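*Asks:* I'll drop the sequence and a predicted model, then ask my questions.
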Amino acid sequence: MLQRVKNSNRRYLQRPQRSVLIWGLIVIFAIMVFKLWEEQKSRISLPSYPEFYNELVSGKINRATLDGNKIKGVYIDGHKNGSPFTLNVPIHDDQLLNALRTHVKNFRIGQSSAVISNAMMMTLPIVLVIIFAVLMQSQHVRTPLHGAVRFGKIRARRWLNSNDSNITFHSVAGIPEAKEELREIIQFLKKPKQFQKLGGKIPKGALLIGPPGTGKTLLAKAIAGEANVPFFSISGSDFVEMFAGVGASRVRDLFKQASRHAPCIIFLDEIDAVGRFRGTSTASTHDEREQTLNALLVELDGFNTQEGIILLAATNRPDILDPALLRPGRFDRQVILDLPDINGREAILKVHTRRIILDTNVRLDQIARITPGFSGAELANLVNEAALLAARNNQSSVTMKDFEESRDKVTWGRERKSRVMNEADRTIAAYHEAGHALATHFLPDATQLHKVTIIPRGQHMLGSTLHIPASDRQMVTRKQILAEITLLMSGRAAEELAFSDCSTGAHNDIKRATELARLMVCEWGMSANLGPVRYTRSEGNTASVQGCSPDFSEQTAAAIDAEIKDIIADCHTKALNLIARNKETLISLATELLKQEVLDAEKVKELITQSLPAAKG
């Protein structure tokens with residue numbers, strides 16, 4: 001069972017604070033009730049001053065009390081039924097004072113209740129603060145929390161044994177190399193003497209590096225489950241607080257707890273939150289985050305691997321980590337977790353569909369093929385969305401259609417069939433997407449077409465064209481990149497040829513085309529004019545940030561902009577020529593899209609083939 005590491009003295013913290021708060025509220029409530037009661041009494045009888053003075057000298061006052069500028073009293077039984085009264089009178093009126101002493105037998109002068117109540121209201125907050133300080137001081141003596149109270153205590157989640165976590169290596173798929181490399185850590189924990197007898201040292205830690213969703217946290221939990229040892233899990237952001245010294249205190253407390261439960265595993269998720277380059281703080285070179293990192297480095301040097309403590313950390317930004325954190329002796333191993341390939345995706349799908357009732361037509365290898373670039377977390381979400389969709393439709397099993405619809409939902413967003421589109425927008429969207437589909441057919445270096453639709457999805461998407469590569473590619477050539485840019489510009493070209501105008505529907509295509517062209521010129525050295533040179537901004541010891549100076553002159557920057565513009569212009573011209581040679585086919589595809597709203601790759605190929613030999617690449 002997942003549980004927070006609890007402080008055994010926490011009850012001493014909560015009870016004094018709660019009692020102080022309760023008693024403070026009771027006192028404030030009592031004062032408020034007293035004031036309301038006092039006001040209620042004052043509403044009993046409010047005679048005018050001349051009327052009161054006449055009644056006073058006539059002997060109709062039974063008793064009276066002078067309290068500051070206020071008189072409270074009771075009439076005699078024969079006058080106004082002996083009712084009480086209250087009255088504000090002039091201060092220091094000697095004539096009134098003599099009359100009261102002469103005509104009222106039961107007369108006295110009292111202390112001002114207003115002064116008392118005001119004094120209570122002024123002193124009450126001070127008293128409460130003093131009481132709270134005394135209680136906290138006593139708490140300070142009774143517990144070992146010192147000045148930071150409980151802020152310095154770590155808030156790690158802890159599994160004490162394998163029964164607390166059912167995750168093992170059977171729950172992890174798609175990353176066989178990473179699993180194999182980390183199996184040794186399990187052997188270190190189970191049989192440390194086997195590695196120490198030859199003089200070898202057990203690695204102190206391993207850094208898991210990979211994009212979000214690739215299974216870094218899952219793999220760390222699986223290691224703990226396989227090794228059957230306690231597992232401490234905490235995020236890097238949990239170390240850093242606004243109070244100075246808290247993060248460093250938590251680091252020391254974490255390793256202290258780990259030593260008590262050794263052998264064990266400590267897992268620091270998102271370590272880049274605390275492990276960034278030092279000396280880059282905008283506030284101070286000794287800010288809280290850097291103090292925390294220094295404490296972590298000291299602890300990594302200080303703890304002995306013979307105790308059986310293994311430190312795992314995860315990040316998707318290894319480029320911003322401090323070099324001192326990555327050197328051997330701290331994180332001895334760096335395990336890379338890439339996005340899964342087609343075989344890895346199929347293995348991951350098998351893990352996540354174990355408890356899903358699948359239809360006989362479901363082919364996991366086909367689902368793996370149509371989900372390039374999906375991480376393990378995204379595949380898990382895909383399977384869950386498909387199961388929810390099948391349940392929503394009251395089906396007895398999950399079909400291939402459910403998986404395809406869920407893939408489209410995850411990729412583009414949910415269909416918005418209820419969204420009303422006027423005919424002009426539908427027509428523009430149809431020609432735009434038809435242009436993409438047509439260009440795909442005549443660009444052999446472009447990614448293969450899977451489906452084209454004009455059903456609105458997501459927030460702004462009025463149509464979309466889904467392309468799926470024939471296989472996972474680790475590298476792309478210059479021809480393939482230029483083909484992708486041409487493909488992106490083909491939607492805009494179709495609009496221009498069909499309507500002699502263009503719309504805002506190509507904004508995302510233009511953005512992606514510009515990014516590809518900039519990468520070609522600045523990162524990949526694919527510009528004939530500028531040569532195989534990398535043009536980037538100064539990074540120094542930090543990740544590239546907005547506003548840092550470029551490593552090239554203004555003339556070179558202008559040349560880069562011109563080269564990017566030329567690449568996009570050439571691809572746009574090529575797309576225009578391609579669409580112009582096959583305008584009749586474009587019209588046929590757009591017309592069919594307006595009727596069907598969705599066309600798969602086979603249907604698009606059939607329509608283009610029917611237009612041959614008119615269609616020309």
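*Replies:* Received it, and whenever you're ready, just let me know what you need. Numbering: from 1, shown residues only.
*Asks:* going forward, measure contacts and count neighbours with C-alpha atoms only.
*Replies:* OK.
*Asks:* Kindly check the end-to-end length of stretch 314-331 for me.
*Replies:* 11 Å (C-alpha to C-alpha, to the nearest Å).
*Asks:* Would you mark the buried spots in it?
*Replies:* 314-318, 320-322, 324-326, 329-331 (16 or more other C-alpha atoms under 10 Å).
*Asks:* Flag the least confident of the residues you listed.
*Replies:* On pLDDT alone, residue 329 ranks lowest of the buried residues of stretch 314-331, at 78.
*Asks:* can you count the residues close to residue 523?
*Replies:* 15 (other C-alpha atoms under 10 Å).
*Asks:* my read: it touches residue 531, true?
*Replies:* No: using C-alpha atoms under 8 Å, residue 523 is not in contact with residue 531, being 11.0 Å away.
*Asks:* just to revisit the earlier point, what about the buried residues of stretch 314-331, which are in helices?
*Replies:* With helices taken from DSSP state H, the overlap with the buried residues of stretch 314-331 comprises 324-326.
*Asks:* now those residues as a markdown table including distance to residue 487?
*Replies:* Listed next are these as a markdown table, based on distance: C-alpha to C-alpha, whole Å:
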| residue | distance to residue 487 |
| --- | --- |
| 324 | 46 |
| 325 | 44 |
| 326 | 42 |
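*Asks:* residues contacting residue 471?
*Replies:* Applying C-alpha atoms under 8 Å, 6 or more residues apart in numbering to residue 471 gives the contacts 342, 369.
*Asks:* Show me the strands in the stretch 451-600 of the chain, by range?
*Replies:* Using DSSP state E, counting those that start in this stretch, the strands of the stretch 451-600 of the chain run over 464-467, 598-600.
*Asks:* out of the ones you listed, deepest packed?
*Replies:* Highest mean neighbour count of the strands of the stretch 451-600 of the chain: strand 464-467, a mean of 20 (counted as mean count of other C-alpha atoms under 10 Å).
*Asks:* And it, how far out from the chain middle?
*Replies:* 29 Å (C-alpha atoms, centre = their mean, to the nearest Å).
*Asks:* Quick one: residues in contact with that strand.
*Replies:* 433, 436-437, 447-454.
*Asks:* from those, which is closest to residue 63?
*Replies:* Closest approach between these and residue 63, by C-alpha to C-alpha: residue 454, at 93.1 Å.
*Asks:* what mean pLDDT would you report for stretch 536-548?
*Replies:* Stretch 536-548 comes out at a mean pLDDT of 48.
*Asks:* how deep is the closest residue in space to residue 488 that isn't next to it in sequence tucked in, by neighbour count?
*Replies:* Distances taken as C-alpha to C-alpha, 6 or more residues apart in numbering place residue 509 nearest to residue 488, at 5.2 Å, with adjacent residues excluded. Using other C-alpha under 10 Å, residue 509 has 17 neighbouring residues.
*Asks:* re the thing from before, farthest pair within the contacts of strand 464-467?
*Replies:* 447 and 454 (19.8 Å).
*Asks:* Compare neighbour counts for the two and give me the winner.
*Replies:* residue 454 (26 against 19).
*Asks:* how far away is the more buried one from residue 429?
*Replies:* 6 Å.
*Asks:* who touches both of these two?
*Replies:* Counting by C-alpha under 8 Å, 6+ apart, the residues touching both residue 454 and residue 429 are 462-463.
*Asks:* Give the buried residues for stretch 568-575.
*Replies:* Buried-residue list, stretch 568-575, by 16+ other C-alpha under 10 Å: 568, 571-572, 574-575.
*Asks:* From residue 266, how far off is the residue nearest to residue 488?
*Replies:* Taking C-alpha to C-alpha, one finds residue 509 at 45 Å from residue 266.
*Asks:* next one: residue 434
*Replies:* 54 Å.
*Asks:* And the two? Which one has more around it.
*Replies:* A direct count of neighbours by other C-alpha under 10 Å for residue 434 and residue 266 places residue 434 higher, at 33 against 23.
*Asks:* what's the distance between that one and residue 495?
*Replies:* 10 Å.
*Asks:* same check, this time on residue 253
*Replies:* In terms of C-alpha to C-alpha, residue 253 sits 64 Å off from residue 495.
*Asks:* ok, now residue 461?
*Replies:* Residue 461 is 16 Å from residue 495, by C-alpha to C-alpha.
*Asks:* And those two? Which one has more around it.
*Replies:* Neighbours per residue (other C-alpha under 10 Å) separate residue 461 from residue 495, with residue 495 holding more: 25 against 17.
*Asks:* Residue 505 is in contact with that one, correct?
*Replies:* No: with contacts counted by C-alpha under 8 Å, residue 495 stays clear of residue 505, the gap being 9.5 Å.
*Asks:* okay, and the common contacts of the two?
*Replies:* residue 432.
*Asks:* what about the stretch 51-200 of the chain, any weak spots by pLDDT?
*Replies:* 78, 81, 91-92, 110-122, 124, 128, 132, 134-165 (pLDDT under 70).
*Asks:* Where do the strands of the stretch 251-400 of the chain begin and end?
*Replies:* 264-269, 309-315, 333-336.
*Asks:* Pipe the ones you listed into a markdown table and attach distance to residue 384 per row.
*Replies:* A markdown table is the format used below for those (distance: least, C-alpha to C-alpha, whole Å):
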| stretch | distance to residue 384 |
| --- | --- |
| strand 264-269 | 25 |
| strand 309-315 | 25 |
| strand 333-336 | 27 |
